[in-house]
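K.L.:
predicted model and sequence below, questions to follow.
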Amino acid sequence: MVSIVGTGGGIASTVYGTVVVMATLTAAYATESDPWRLAVLVWTTAFVLWVAHLYAHGLAESISRRQRLSWQELKDIARRELGILVAAAVPSAALLLGALGILKESASVWLALGVGLAILAAEGVRYARIEALRPTAALTIVGANLAVGSFVVVLKVTVAH
């Protein structure tokens, strides 16, 4: 099952993808302000890293099993890592609002980063529910996810100014 806050048990791929999206946007915005180009950079980066994950995980599993993976096993890895691509969807939609002139360029970038933070918070909540964590531990997990995302936002502010 694919959702905006993860694919099945693939919390890791969604968190990773979200951080990649936010970091890509932060780095690219230092030299590129066109929201359309930023969205393309976000998608191509997510896609390249998704392919790299497929290759690396496939290679590692093949080596550990001492045999080639079947197509089904490779498709299972692709599905597990799909969160990397899914994580780019909503932030890119925010950037496209800027590309279409519905939002100002800077507002679309900030909205994309804000959406990234919201996804990280949702993943923290999702993890806490799966693990049946007590409220304090759940808040710690959500806080840790937001700290990682906020670090990326702080980098954006630092690099942009």
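P.N.:
Good, I have the coordinates.
K.L.:
where along this structure do the helices fall?
P.N.:
11-29, 35-65, 71-80, 83-86, 89-99, 105-130, 135-160 (DSSP state H).
K.L.:
angle of the last one against helix 11-29?
P.N.:
Using axes from the mean of the first three to the mean of the last three Cα atoms, to 10 degrees, the direction of helix 135-160 lies 20 degrees away from that of helix 11-29.
K.L.:
average pLDDT for helix 135-160?
P.N.:
Here helix 135-160 scores 85 as its mean pLDDT.
K.L.:
enumerate the positions of it that are buried.
P.N.:
Buried residues in helix 135-160, counted by 16 or more other Cβ atoms under 10 Å: 138, 141-142, 145-146, 148-149, 152-153, 156. C-betas here are computed from N, CA, C, even on glycine.
K.L.:
which residue is nearest the middle of this protein?
P.N.:
What sits nearest the mean C-alpha location of the chain, by Cα atoms, centre = their mean, is residue 18, with 1.8 Å.
K.L.:
quick check, nearest of the buried residues of helix 135-160 to residue 60?
P.N.:
The closest of the buried residues of helix 135-160 to residue 60 turns out to be residue 148 (Cβ to Cβ; 24.3 Å).
K.L.:
need the contact list for that closest one.
P.N.:
19, 120 (Cβ atoms under 8 Å, 6 or more residues apart in numbering).
K.L.:
do you know how far it is from residue 116?
P.N.:
Using Cβ to Cβ, to the nearest Å, residue 148 is found at 10 Å from residue 116.
K.L.:
so what sits against both of these two?
P.N.:
Joint contacts of residue 148 and residue 116 (Cβ under 8 Å, 6+ apart) are residue 19.
K.L.:
so residue 104 versus residue 75, what's the distance?
P.N.:
In terms of Cβ to Cβ, residue 104 sits 41 Å off from residue 75.
K.L.:
next one: residue 45
P.N.:
Distance from residue 45 to residue 75, by Cβ to Cβ: 23 Å.
K.L.:
ok, those two, which is more surrounded?
P.N.:
residue 45 (20 against 12; other Cβ atoms under 10 Å).
K.L.:
check what pLDDT that one gets.
P.N.:
95.
K.L.:
contacting residues around it?
P.N.:
Taking Cβ under 8 Å, 6+ apart, one finds 20-21, 24 in contact with residue 45.
K.L.:
before we move on, the earlier item: most packed of the helices of the chain?
P.N.:
helix 83-86 (a mean of 25; mean count of other Cβ atoms under 10 Å).
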